[in-house]
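J.: please work out how this folds:
(4 chains)
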Protein chains: 4
Amino acid sequence: MPAMPPAHPFDFDAIPDDGTDDKLREECGVFGVTGVTDAANFVALGLHALQHRGQEAGGIVSHDAAHGFNSARRFGYVRDNFTKQSLMDTLPGPLAIGHVRYSTTGSKGNTQIRDVQPFFGEFSMGGAAIAHNGNIVNADALRRELIDRGSIFQSSSDSECIIHLMARSLQRKVPERMQDALRRVEGAFSIVAMTRTKLIGVRDPLGVRPLVLGQIGDGWVLSSETCALDIIGAEFIRDVEPGEMVVIEDGEVHSHRPFAPQKSRFCIFEHVYFSRPDSILGGRSVYETRRQIGVELAREAPVEADLVCPVPDSGTPAAIGYSQESGIPYAMGIIRNQYMGRTFIEPTEQIRNMGVRLKLNVNRALIRGKRIVLVDDSVVRGTTTVKIREMLLDAGAQTVHFRIASPPTAWPCFYGVDTPDRDKLIAATMSEDEMCAHLGVDSLRFISLDGLYRAVGEAGGRDPSQPQYCDACFSGEYPITPTDRVEKGFRLKEAAE
Amino acid sequence: MPAMPPAHPFDFDAIPDDGTDDKLREECGVFGVTGVTDAANFVALGLHALQHRGQEAGGIVSHDAAHGFNSARRFGYVRDNFTKQSLMDTLPGPLAIGHVRYSTTGSKGNTQIRDVQPFFGEFSMGGAAIAHNGNIVNADALRRELIDRGSIFQSSSDSECIIHLMARSLQRKVPERMQDALRRVEGAFSIVAMTRTKLIGVRDPLGVRPLVLGQIGDGWVLSSETCALDIIGAEFIRDVEPGEMVVIEDGEVHSHRPFAPQKSRFCIFEHVYFSRPDSILGGRSVYETRRQIGVELAREAPVEADLVCPVPDSGTPAAIGYSQESGIPYAMGIIRNQYMGRTFIEPTEQIRNMGVRLKLNVNRALIRGKRIVLVDDSVVRGTTTVKIREMLLDAGAQTVHFRIASPPTAWPCFYGVDTPDRDKLIAATMSEDEMCAHLGVDSLRFISLDGLYRAVGEAGGRDPSQPQYCDACFSGEYPITPTDRVEKGFRLKEAAE
Amino acid sequence: MPAMPPAHPFDFDAIPDDGTDDKLREECGVFGVTGVTDAANFVALGLHALQHRGQEAGGIVSHDAAHGFNSARRFGYVRDNFTKQSLMDTLPGPLAIGHVRYSTTGSKGNTQIRDVQPFFGEFSMGGAAIAHNGNIVNADALRRELIDRGSIFQSSSDSECIIHLMARSLQRKVPERMQDALRRVEGAFSIVAMTRTKLIGVRDPLGVRPLVLGQIGDGWVLSSETCALDIIGAEFIRDVEPGEMVVIEDGEVHSHRPFAPQKSRFCIFEHVYFSRPDSILGGRSVYETRRQIGVELAREAPVEADLVCPVPDSGTPAAIGYSQESGIPYAMGIIRNQYMGRTFIEPTEQIRNMGVRLKLNVNRALIRGKRIVLVDDSVVRGTTTVKIREMLLDAGAQTVHFRIASPPTAWPCFYGVDTPDRDKLIAATMSEDEMCAHLGVDSLRFISLDGLYRAVGEAGGRDPSQPQYCDACFSGEYPITPTDRVEKGFRLKEAAE
Amino acid sequence: MPAMPPAHPFDFDAIPDDGTDDKLREECGVFGVTGVTDAANFVALGLHALQHRGQEAGGIVSHDAAHGFNSARRFGYVRDNFTKQSLMDTLPGPLAIGHVRYSTTGSKGNTQIRDVQPFFGEFSMGGAAIAHNGNIVNADALRRELIDRGSIFQSSSDSECIIHLMARSLQRKVPERMQDALRRVEGAFSIVAMTRTKLIGVRDPLGVRPLVLGQIGDGWVLSSETCALDIIGAEFIRDVEPGEMVVIEDGEVHSHRPFAPQKSRFCIFEHVYFSRPDSILGGRSVYETRRQIGVELAREAPVEADLVCPVPDSGTPAAIGYSQESGIPYAMGIIRNQYMGRTFIEPTEQIRNMGVRLKLNVNRALIRGKRIVLVDDSVVRGTTTVKIREMLLDAGAQTVHFRIASPPTAWPCFYGVDTPDRDKLIAATMSEDEMCAHLGVDSLRFISLDGLYRAVGEAGGRDPSQPQYCDACFSGEYPITPTDRVEKGFRLKEAAE
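T.: Numbering: from 1, shown residues only, chains lettered A, B, ... in the order given. Model prediction:
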């Protein structure tokens, strides 16, 4: 009997490329620069370094005296769009901001170019462009109100609410207009914005999403992560602080505090997965934090085995840490095909199963007869894990012990991260034992929430009365009430229980 | 003074993507399958798994009873072309072969689609398609002779010589025609070919390039590497042997020996860099060989240091081995941006210097103040190494000790690998001390040729009287005289010395 | 000496394709249909028939119960965009409107897709899409006022003012909102608009731009011209009347009168050039009117000659009329290359001279030694005329008598037509004798304004006290003061004289 | 009941654009120039002027000292490809040839780029490029013979046979090689070819296809038609004579006679339809011939009517002639939409019926109540005629008298023209009365064969013993036996009867 083709036609585009179809997805990265020649070129480089935060689309707005505001928004990778002389020539000027996006929760796979940031609005005393990373939790209510008053929306993006609130502000200057707007807005967001002469950065009062300030020559940079400072050779100065609004003009940085002060709650998942390992978040190396998670995991969940293997590439630092703490040799038991882009069209179940094999291959000669500790950063749906375990056993692994570098992901994120509905989260519907049986591994252990907190430097673990981070995806404790979602029927923890 | 843009416009496409602009480049990968439904789908998967062997272009030829031979050749990645239903529908049938190519030495950056393999020729008693990995060293002379006799070439590819020789053979059957042709041909090559009903595989008498035989259901597979068997779920049966021609028809494999027997000389650089770490070459795991090179290197060239860091991704297995043998912790000191494709347009010197920063970033928080052992697989021009060393020192590394998992690359390869001219090879013009000074590292050590042979399993090291592998790029000893090149002025070792 | 190439490189795209680079250009065509299955397919056909009114871009909005409003806007010809199954499938529903555009006067060659109509706005009680043909003369002032009040514009199009005025109306229903908006608007415009359930058509009080009502089965159609009714097999019912607003819902047409009644002033140039010859305007056949212009011209400006030749294709009907009235045989003295699209990028002067030869060729064997009456519809800049005369004389014509089927175009149009600045209009700067000398023809005659009025059926010619048509481009008498332009410095006739 | 859409989706691309889906199609046009600067630019212009002879694809080969032969072949219009600076820069040099093609009879809609001419071959003493218009009737036999001897074909084109015959010639120089090749070839063909230094033109012994010689400055031009001389400003010198081979080098034209002399048989259908009306064929104006056909038709087939209307645009000159001879006024009763390209994908029957309405619209106001003489150049299948008659009657025409400017097309052409199989030719299966009834017109008359001969200047009509033209499509008398077709089963007239 002739072998049947694996899928007819197989569709690479439907395949997530990194074994991570059941990862949470960061929605966005932002970058802005002022005081340099051809700012848009720097922004393109910065966005390229932030591409892991969003691959669906990107946009850049620049301003120069001769042409005013210039804008280009494109679907696809930064490197495939913002590298063409002909396009970059349309974005002159010393001041520019940019944005990469994954997609909004609501319209995945259906984004239109008009939804791609930055957004631009012309006001009576000037204009402004704005881009954000995160989510405005009362955006639906604000939008309804604005439409009632005659505003016309061009997109489905939260950012546009801010622009309309600014347009209706009675203040004359853009920073004051923005402060007016921000006072109406609830949520987790880091904003970069620009007027003709000013570069503006804002973090929400809890500082859930990252935003850093850097310096390059006489110019200034705002970026979601420090890795994007490195690529342009900028120096990391400091984090923009939670609740801070920085206004940069004529080479000077002015700090404003539009919000009432609160204790910060930075997103702990940025450490676990979202950010690049070469970034520094809140003063901590992401790589070192992840390695330390592996160390903690080895302490919490030791096992006898021959090899520690990561699910590449997101599990690698934790696997190194596990190996170093446990003394079990580290090895590349799974090899990644480098010729897959991150892809985002939802695959069919059949293709998804095929999918992992397109991206990952077991190093058969290495694995055969071995007891494997398999380390991954997180488990969301669990579909990929099942497949990888099968591939390992097919290749002759003796046993597979699964260690996860984060606690069970049991709650959706409403702060700018794309999460499946709660009933799709394996950890929301199964106990750890049930998951172990379902995934078919010989043992399964997640790091504890306290272990995770220790790894991020909180020696005493999590303070349950006043948690140091936002860990809603693990704990179900939402520091900002997701108003719009609750209105649409989402049941908070107390209600759910 | 405003900071100047890094390059105006910077051109991602001109940037090699993996810190390896001074790597040797494999030119091709081949794959064929027969006895399956929709063979072209399998070939597309196989070529995707072999994409590291050639990213410039790919082609597939299939045969089915209704349409005869079907062909599609495209520039770009397999995943961007051979994934579309509309294209794959034009390639029906149970028998297909395919090819991915880097480019020919002579026409880099100037390939035309007519140069993309497989080639097809119609003969008086049938037709055949053919694709090869490697190089025919007397191709120029054969081409001149054939043109004199009235053959018209459609491409600049060596493969076409074989097709014309076959067309002029007085034999009636394709396998006999091919044997006629092969007897005229000198060089290092692995061939997959097909007629209406037969799948054919050939390795040159020395077996310089790899070719393996696999089985899938009742069907058979030929592939450059075993990793491409894994992706379609085929079972690895054996290597096609040096000098062997296999003819597969009606589910049976027939072995022929068109050449006089010789002792084999497999390319040792396949172990060092070309092949994927999850492949098995000549019965040996590539990953394990590379790790073992690191072990040998740690023995040959120990150093006191804080961290062992690979240049990702090609230096990773050797770095793991070095770390394990030396006890110095392994760490990800350099992080790779995953959103670069392998790119092949030659960058300008200026862009090349910028280039590395687009692909690689130093993990600054980790590196600062540390003594680093930096492990790479090879050094060809040395340009990238200089840049990486600068980035490490900029990030605050205390010392950088460079360890190379291959001997100095001092001679060009003429057997299907793209190599710079000899005077561009840093190891051809400098001693190891001079290189160390030029590269600006604190110490520089290459593995010895004997060490490399030990790592590939030759416990007694290299047999100088009869080397077990082709190592011409290190030793200058060419097992097959590169006739065309010598005619064009290349000076062999004896002549050069 | 080798002949130099005609232009290196010659650039077809820079070449107007019909000898009419010095024509006035209609800016837009509109079409809407309700009460049919898959309305967007009808709209695509209608827009294809109206393509002569605008070739730069087109857009369609449809509404269906399942998806709400659906929109697609594209640069290029209707036939190249709105013919793809994949695109048309995104535009379901029984109600749709569409638009083809040339470009706005202000941003020629610089249109962005966001400027392409129809525009869509969501209101508190529903939404509406709108498209128009014509020009709002107080759009700049309205825009400033709206921005001051916090509206954010997404385009530079006049239509968007109407949408914002509607959004801010305190009326609850869309037709009432539109009446509110229309009362603020001055200009010459024909509008098609739609809500979820209503198709709406409006003509300005003077009825400068055309709009007709048709019926197809139980459904209704609005179109700029009757030729677009023919293509879908719809029956022509009547013109929408000047100042009328028709609201079509549930198969019934309701007529409203939002404006104070005025005597109509239909654009006479629609008869001369803009409309298709197979359309019926104000009850008159365009083709017959044009033929009659030729008849009048032969009476007003007879000449002895051998052949009457049109400048194809716009001069053809008048040439036929001239031939029939004069008895001089009609002949195709100039042949048009059918493989030119209408092109709109401004050619350089050098290319423009080459240009005509790319589109038109003299029928040399016919012309040689002949006395030619050359008939064209209008002369704007006169550049093409010079070139055609040269080509005729090169081909051996004995004499060339030029007859123009319209009076001298001496004033720009501000009612939705793209016109050069006044100093570029040859008739604004030269007398008829000077033009004759400048164009180098043996005689030059324009039809008189009275002759033109007679040809459109006004037996008594033009009524100077109360002209029956808008003829501002000939007379300088603007029935609607072009407020924005005057503000920007345009000098009206009295002021100019 | 809602009106159903005209077609879901309607597919403009499937629609022939000029009411001529049942026309015969010329397959090719050729053009070459030498002795000018940037010859390829001239060739592009010439091919643009010859676009009516083939719209599917085009190619240009040039030669310059620095780069040797340069080639570009593209699908689509000349104006869409050979107008780009970037492409034309790849075609430098003072000598170039080019080709536009419709498609080969055998592979319609399935052409691959490798089938697009010119073809290039490298010989032992040089190379040559070649392009032809026409057909080699023994190409199949030649191809079999060449393959038997070891030649490998890259295309399905007849031209390639000539290149292979040249490659195998024992002559040293290209012109002598070509004469060797031509002696083996039978058929109707006009060839342009080039070596490094020579421009070569050949017409077959009967001179079936046109080829003219022109001069531009010191340079020389070869072209299928004179209209392509006009566009570049070249002077028409003379026809290349039947059986002549001109070799142009160093500014001089040398004439050779490789064939035995025969009486010429130029294709009479070039006068009827293929050539452009502004071309001069065999010393006769095509336009004037067509007008004269209308005159003859009015004499042979008079009728009482109100208007003479052409089917645009191919029926126009004959309609003018008919009107002038009969005194019945000429009018544009059918208007053509200018925004259709010639399209070549075979439409479905349903779409074909819709099709005409997309391209043509009846001028309803003119036609209503009138007796119409409708003039077309030819009828092949008759499908379009039925539809046009319907449209005229729908529009209220009183009677429709159909007059055809050619005799009934009852036989396929095998000399380079795309014709349907004989059983699809309406005139092959029906008498004139049957056709009249089938087409539903009030009367139907074709011009007689003698009338056609009179119109092309043969005052005595056709000489049946030795016809002055090739009129096989009307008479079934094939001057060159279509060997390959007969072998495939085509029955010649004697056999058929």
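J.: care to break chain A down by domain?
T.: Domain ranges of chain A: A:25-264, A:290-456, per automatic domain parsing.
J.: the strands in the stretch 301-450 of chain A, which residues?
T.: A:307-310, A:334-336, A:360-362, A:371-376, A:399-404, A:417-418, A:443-446 (DSSP state E, counting those that start in this stretch).
J.: quick one: low-confidence residue ranges for chain A.
T.: A:1-22, A:24-26, A:103-111, A:341-355, A:495-497 (pLDDT under 70).
J.: and the residue of it closest to chain D?
T.: Using C-beta to the nearest C-beta, A:Ser86 is the residue of chain A that sits closest to chain D, at 12.1 Å. From N, CA and C alone the C-beta is placed, and that goes for glycine too.
J.: which of the helices or strands spans that residue?
T.: For A:Ser86, the enclosing helix or strand under DSSP states H and E is helix A:85-88.
J.: for chain A, longest helix please?
T.: Counting by DSSP state H, the longest helix found in chain A is helix A:286-300.
J.: for that helix, packing partners?
T.: Judged by 3 or more C-beta pairs under 8 Å, 6 or more residues apart in numbering or on different chains; DSSP states H and E, the packing partners of helix A:286-300 are helix A:316-326, helix A:449-455, helix B:364-367.
J.: which residues does the shortest one contact?
T.: Surrounding helix B:364-367, the residues in contact under the criterion C-beta atoms under 8 Å, 6 or more residues apart in numbering or on different chains are A:230, A:278, A:280, A:284-285, A:287-288, B:307, B:309, B:331-333, B:392, B:395-397.
J.: ok, stretch A:139-154 next?
T.: Under C-beta under 8 Å, 6+ apart, the answer for stretch A:139-154 is A:114, A:119, A:136, A:158, A:160-161, A:164-165, A:167-168, A:184-185, A:187, A:483-484, A:487, C:114, C:121-124, C:150-152, C:154, C:163-164, C:167-169.
J.: 6 Å instead?
T.: Contacts to stretch A:139-154, defined as C-beta atoms under 6 Å, 6 or more residues apart in numbering or on different chains, come from residues A:Arg114, A:Asp158, A:Glu160, A:Cys161, A:His164, A:Asp484, C:Gly121, C:Glu122, C:Ser124, C:Gln154, C:Ala167, C:Arg168.
J.: burial count for A:Gln85?
T.: 10 (other C-beta atoms under 10 Å in any protein chain shown).
J.: surely A:Leu47 is in contact with A:Ile97?
T.: No - A:Leu47 lies out of contact with A:Ile97 (C-beta atoms under 6 Å); the separation is 10.0 Å.
J.: so which bits of stretch A:384-396 are buried?
T.: Using 16 or more other C-beta atoms under 10 Å in any protein chain shown as the test for burial, stretch A:384-396 gives A:Thr384, A:Thr385, A:Val386, A:Lys387, A:Ile388, A:Arg389, A:Glu390, A:Met391, A:Leu392, A:Leu393, A:Ala395.
J.: for those, which one is nearest D:Cys473?
T.: A:Lys387 (65.3 Å; C-beta to C-beta).
J.: for chain A, longest strand please?
T.: What stands out as the longest strand in chain A, according to DSSP state E, is strand A:126-136.
J.: list the helices and strands that strand packs on?
T.: Judged by 3 or more C-beta pairs under 6 Å, 6 or more residues apart in numbering or on different chains; DSSP states H and E, strand A:126-136 is in contact with strand A:28-34, helix A:159-168, strand A:187-194.
J.: pick the most buried one from the ones you listed.
T.: Among the helices and strands packed on strand A:126-136, strand A:28-34 has the highest mean neighbour count (mean count of other C-beta atoms under 10 Å in any protein chain shown), at a mean of 31.
J.: on that earlier part again, closest to chain B out of the helices and strands packed on strand A:126-136?
T.: Among the helices and strands packed on strand A:126-136, the nearest to chain B by C-beta to the nearest C-beta is strand A:28-34 (8.7 Å).
J.: in its sheet, what does that closest one sit against?
T.: strand A:95-101 (antiparallel), strand A:219-223 (antiparallel) (DSSP bridges).
J.: the closest residue to chain B within the stretch 101-250 of chain A: neighbour count?
T.: Using C-beta to the nearest C-beta, A:Gly217 is the residue of the stretch 101-250 of chain A that sits closest to chain B, at 3.4 Å. A:Gly217 has 16 neighbouring residues, counting by other C-beta under 10 Å.
J.: what does chain A put close to chain C?
T.: A:Gly121, A:Ser124, A:Ile147, A:Asp148, A:Gly150, A:Ile152, A:Gln154, A:Ala167, A:Arg168 (C-beta under 6 Å from any C-beta of the partner chain).
J.: does the fifth one count as helix, strand or coil?
T.: It stands for A:Gly150. coil (DSSP: H, G, I helix; E, B strand; the rest coil).
J.: so how far is C:Arg149 from it?
T.: From A:Gly150 across to C:Arg149, the span is 8 Å (C-beta to C-beta, to the nearest Å).
J.: of these two, which one has the most company?
T.: A:Gly150 (21 against 14).
J.: distance check, the more buried one against A:Met178.
T.: On the measure of C-beta to C-beta, A:Gly150 and A:Met178 end up 21 Å apart.
J.: contacts for the longest helix of chain A, please.
T.: Residues outside helix A:286-300 that contact it (C-beta under 6 Å, 6+ apart): A:271, A:275, A:277, A:279, A:317-318, A:320-322, A:325-326, A:403, A:405, A:447, A:451, A:454-456, B:363, B:366.
J.: what's the answer for stretch A:122-130, then?
T.: A:61, A:69, A:118-120, A:159, A:162-163, A:167, A:172, A:174, A:193-195, C:147-148.
J.: what residues does the stretch 201-350 of chain A put near chain B?
T.: Within the stretch 201-350 of chain A, the positions adjacent to chain B are A:216-217, A:219, A:227, A:230-231, A:277-278, A:280, A:285, A:287, A:335, A:339 by C-beta under 6 Å from any C-beta.
J.: output those residues as JSON lines; include the columns distance to D:Gln262.
T.: Listed next are these as JSON lines, based on distance: C-beta to C-beta, whole Å:
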{"residue": "A:Ile216", "distance to D:Gln262": "82"}
{"residue": "A:Gly217", "distance to D:Gln262": "83"}
{"residue": "A:Gly219", "distance to D:Gln262": "82"}
{"residue": "A:Cys227", "distance to D:Gln262": "80"}
{"residue": "A:Asp230", "distance to D:Gln262": "80"}
{"residue": "A:Ile231", "distance to D:Gln262": "76"}
{"residue": "A:Pro277", "distance to D:Gln262": "83"}
{"residue": "A:Asp278", "distance to D:Gln262": "82"}
{"residue": "A:Ile280", "distance to D:Gln262": "89"}
{"residue": "A:Ser285", "distance to D:Gln262": "90"}
{"residue": "A:Tyr287", "distance to D:Gln262": "86"}
{"residue": "A:Ile335", "distance to D:Gln262": "72"}
{"residue": "A:Tyr339", "distance to D:Gln262": "62"}
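J.: from those, which is closest to C:Pro205?
T.: In terms of C-beta to C-beta, no member of those lies closer to C:Pro205 than A:Gly219, at 55.8 Å.
J.: can you verify my assumption that the closest one contacts A:Gly35?
T.: Yes - contact criterion C-beta under 6 Å: A:Gly219 and A:Gly35 qualify, at 3.1 Å.
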